[in-house]
Structures are given as C-alpha cells and as structure tokens.
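*Asks:* Here you go, sequence then predicted model.
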Amino acid sequence: MGGINSTRWGDYERKLTAEECFSLDVNLLVKDKFIELGYRDAGQLVWKNQFTGIELATCEIQTDTTNIDDSWISITYGTNKTGQVNQGIYLIATTPNYGGIRWWFECPDCGKKAIKLYLAKEQHFMCRKCNNLTYNSCINSRSSFDFAKLFTMEVSIKHGFPLNLIKRLWREKVLKVGRRLHISLMI
C-alpha cells in the first residue's frame with residue numbers, strides 16, 4: 001500500500017475553497033442593518049479584494065423581515081454564463097437562550113440552516129456542503145508544521161545552537177500553549 005503508482009494523483013483536481021468564492025454572510029447583513037425584524041430594505045452589496053481594496057463584484061439586495069415566519073432576501077447579480085440572475089433565499093429566525101433573534105439562511109439546495117452561502121461553480125448561492133467546498137486551512141495545514149521544522153533547523157545552523165536544545169526549548173514552549181503539542185513531536 002502506498003507505492004508509487006498506487007493512486008491516481010495525476011488526475012486529481014483539488015477542491016475549490018470557500019475563500020475563493022463570493023459569499024453571503026447573514027451576520028454581516030444583520031450588522032449592516034439589511035436584516036432587521038419588522039423591516040423591508042434594499043441596497044447594494046460590494047465584494048472587494050481584502051488586500052488591494054479593488055471592487056470585484058456587486059449585487060442588488062432586497063430584504064423583507066416583516067413576517068418572522070416568511071422572511072426572505074432577494075439578490076440580483078450577473079454571471080458570465082447566464083447573465084443576470086435573480087435568486088430568492090429564505091431566512092430562518094431562531095431564539096437563542098440568551099434572548100434576541102438569531103438569523104440563518106435556508107440553503108436553497110438542501111434546505112439546511114447556514115450562516116454563509118457561497119457562489120462557486122454553480123450559478124446560485126448555496127451552502128458549503130452543497131458546493132463541495134473546503135477551507136484553505138484544510139489544504140495548507142501541513143505547511144505550518146513544515147515551517148516550524150525549517151525554522152528550527154535554520155536557527156540551529158545560523159546561530160550555532162545545538163539542535164536538541166532548540167527542540168527541547170520549542171517543546172517546552174509548545175507544552176505551555178497546550179493545544180499544539182503535536183508540533184513538538186514532529187520536529
């Protein structure tokens with residue numbers, strides 16, 4: 001098991017990540033007062049690159065929460081495949097133990113509650129599971145371990161410290177943190 005030709009990694013296409021997609025976040029819509037019980041609102045959402053601030057896309061949004069059992073949002077946006085798309089999404093309101101109202105999207109595909117909906121390869125916003133998305137942290141999780149290993153080696157070589165001393169100091173630091181115990185064992 002695990003031989004050179006034991007899998008088809010050459011044909012493997014990595015999953016699309018949630019960070020690569022446009023997303024609707026119900027918490028941001030509540031924060032920006034688009035979703036507020038007993039109101040109707042309309043406006044425009046703008047997606048920007050978080051590093052450069054360049055505008056990537058916009059969409060028109062309408063919300064109606066006048067009836068808590070029949071609350072919805074309607075978004076209108078353009079895609080390259082189909083042109084203008086108008087999508088309606090139902091909102092679900094729950095009451096947490098601490099009081100107030102918590103809002104959720106109802107995924108148009110599976111009907112489950114979701115905080116975020118993503119526009120991936122499909123032409124409509126759906127939850128992460130329906131879009132078959134993963135997170136960047138799931139793909140890049142090994143890179144932090146590799147970085148720790150390389151950093152330890154570099155410090156040992158550059159400053160002339162014995163490698164076992166650096167490993168011991170690193171291990172003690174990691175044990176203080178507690179949840180990163182596995183990092184020290186891999187060095």
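*Replies:* Okay, I see it.
*Asks:* Can you show me the strands along the protein?
*Replies:* Counting by DSSP state E, the segments of the chain that form strands are 22-25, 40-48, 55-64, 71-79, 83-94, 102-106, 113-114, 116-119.
*Asks:* Name the stretch among those that sits most buried.
*Replies:* When the strands of the chain are scored by mean count of other Cβ atoms under 10 Å, the highest mean neighbour count falls to strand 116-119 (a mean of 22). C-betas here are computed from N, CA, C, even on glycine.
*Asks:* Which secondary structure elements does it sit against?
*Replies:* strand 22-25, helix 128-131 (3 or more Cβ pairs under 8 Å, 6 or more residues apart in numbering; DSSP states H and E).
*Asks:* Low-confidence regions, the chain specifically.
*Replies:* By pLDDT under 70, the low-scoring segments of the chain are 1-12, 80-82, 122, 139-152, 155-156, 161, 166-167, 169-187.
*Asks:* Domain-wise, how is it divided?
*Replies:* 18-135, 140-186 (automatic domain parsing).
*Asks:* Can you get me the start-to-end distance on the first one?
*Replies:* Distance across domain 18-135, first residue to last, is 6 Å (Cα to Cα, to the nearest Å).
*Asks:* Include distance to S137 when you put the strands of the chain into TSV, please.
*Replies:* Shown next, in TSV, are the strands of the chain (distance: least, Cβ to Cβ, whole Å):
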stretch	distance to S137
strand 22-25	16
strand 40-48	21
strand 55-64	22
strand 71-79	27
strand 83-94	27
strand 102-106	23
strand 113-114	19
strand 116-119	15
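*Asks:* Compare those and give me the one nearest K158.
*Replies:* Closest to K158 of the strands of the chain, according to Cβ to Cβ: strand 40-48, at 39.9 Å.
*Asks:* Now find how far off-centre the closest one is within its chain.
*Replies:* Distance, stretch centre to chain centre, for strand 40-48: 20 Å (Cα atoms, centre = their mean, to the nearest Å).
*Asks:* Please name every helix or strand in contact with it.
*Replies:* If contacts are counted by 3+ Cβ pairs under 8 Å, 6+ apart, strand 40-48 sits against strand 55-64.
*Asks:* who touches the strand it packs on?
*Replies:* Contact with strand 55-64 is made by 22, 29, 34-35, 39-49, 71-77, 91, as judged by Cβ atoms under 8 Å, 6 or more residues apart in numbering.
*Asks:* Let's see that with 7 Å instead.
*Replies:* Residues from elsewhere that reach strand 55-64 (Cβ atoms under 7 Å, 6 or more residues apart in numbering): 22, 34-35, 40-49, 71-77.
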